[in-house]
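Colleague: Need coordinates for the below:
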Amino acid sequence: MTRVIVAGPRGKMGSEALRMIEKQEDLELVACLDHKYAGSQVKDFDELPHLDATFYDDIQTCFNAVSADVLVDLTTPEYGYIHTKTALEYGIRPVVGTTGFTDEQLQELTDMAEDKETGVVIAPNFALGAVLMMQFAKWAAKYFQDVEIIEKHHDKKLDAPSGTAAKTAQLIQDVRETKKQGHPDEKETIMGARGADIDGMKIHSMRLPGLVAHQEVVFGSNGENLTIKHDSFHRESFMTGVKLAIDHVMKLDILVYGLENLLE
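Modeller: Predicted coordinates for the structure are as follows:
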């Protein structure tokens, strides 16, 4: 039985994670981290599963009060970074769905995980379809040098571009020679109209109510376009990946960034 703490249990992703854990015979929810309602039980909230796990508003108090194997963090970059560091200090394995970490923070966490010999999984996207979309894009980038990434998310998302878009761009960079796309004399008459620039490729971020998580990677060549697209219409789509990460993090002694590194 793997004992799990969930940070961010009242959020849309966190509450979905609680429902997933409730259905798994090999997982046990032992506590939740939340900035409100310390001392409450999960079952006290009508919208959450009928579970006995207690809410804590202080991470060290939580870790000292309960025995846990894994911390599933679905909060914000600021708190996710602090939670991950603290979990490693306590020998608890983090599974992190929070995006927006800086390169310096990721390197620090990587070094810390290696020093502690404790597994960490940080995944920009837990949807298996999205992970495959990124891998397909990397494959296609070997043959199509001109590419733009369009990502669309709900209007409550804090970071732009999304972690998935940034990860996709990184994967494409691994196989693509730097190229400045578009006309050499191109000018933006409105600043930002052409999107963010990474190695000459463009990333565009859309934020609207009604969206969940959507991305398309559009490649262009002479006389043809190739579009690789993925849509998550419900946060339940992320839970297969969360469960996969929980299972794998128990076997790791390093930090793994990206769910694709856990797939065969």
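Colleague: what mean pLDDT does stretch 236-250 have?
Modeller: What stretch 236-250 shows for mean pLDDT is 95.
Colleague: From the chain's centroid, how far away is it?
Modeller: Chain-centre distance of stretch 236-250: 11 Å, with C-alpha atoms, centre = their mean, to the nearest Å.
Colleague: And for stretch 88-103?
Modeller: Centre to centre, stretch against its chain (C-alpha atoms, centre = their mean), the figure for stretch 88-103 is 10 Å.
Colleague: ok, Asp253 touching Arg93?
Modeller: No: the criterion here is C-beta atoms under 8 Å, and Asp253 misses it with Arg93 at 9.7 Å. Bear in mind the C-beta positions are built from the backbone N, C-alpha and C, glycine included.
Colleague: Could you pull out the residues contacting both of those two?
Modeller: 118-119 (C-beta atoms under 8 Å, 6 or more residues apart in numbering).
Colleague: Looking at these two, which is more packed in?
Modeller: Using other C-beta atoms under 10 Å as the criterion, Asp253 and Arg93 rank with Arg93 on top: 27 against 12.
Colleague: distance of that one from Met20?
Modeller: Applying C-beta to C-beta, to the nearest Å, the value for Arg93 to Met20 is 17 Å.
Colleague: How about Leu51?
Modeller: Going from Leu51 to Met20 by C-beta to C-beta gives 12 Å.
Colleague: Might one say that Glu260 is in contact with Met133?
Modeller: No: in this structure, Glu260 is not within contact of Met133 by C-beta under 8 Å, at 10.2 Å.
Colleague: the strands in this protein, which residues?
Modeller: 2-7, 27-33, 54-56, 70-73, 93-96, 120-122, 146-153, 196-198, 201-207, 213-221, 224-232, 255-257 (DSSP state E).
Colleague: Can you give the distance from the third one to the centre of its chain?
Modeller: Think strand 54-56. Distance, centroid of strand 54-56 to centroid of chain: 24 Å (C-alpha atoms, centre = their mean).
Colleague: same deal with the second one?
Modeller: Centroid separation between strand 27-33 and its chain, computed with C-alpha atoms, centre = their mean, is 20 Å.
Colleague: Touching stretch 192-205 from outside, list them.
Modeller: 146-153, 160-162, 165-166, 169, 172-173, 176, 178-182, 186, 188.
Colleague: 10 Å instead?
Modeller: For stretch 192-205, the surrounding residues in contact (C-beta atoms under 10 Å, 6 or more residues apart in numbering) are 141, 145-153, 157, 159-162, 165-166, 168-170, 172-173, 176-182, 186-188, 215-219.
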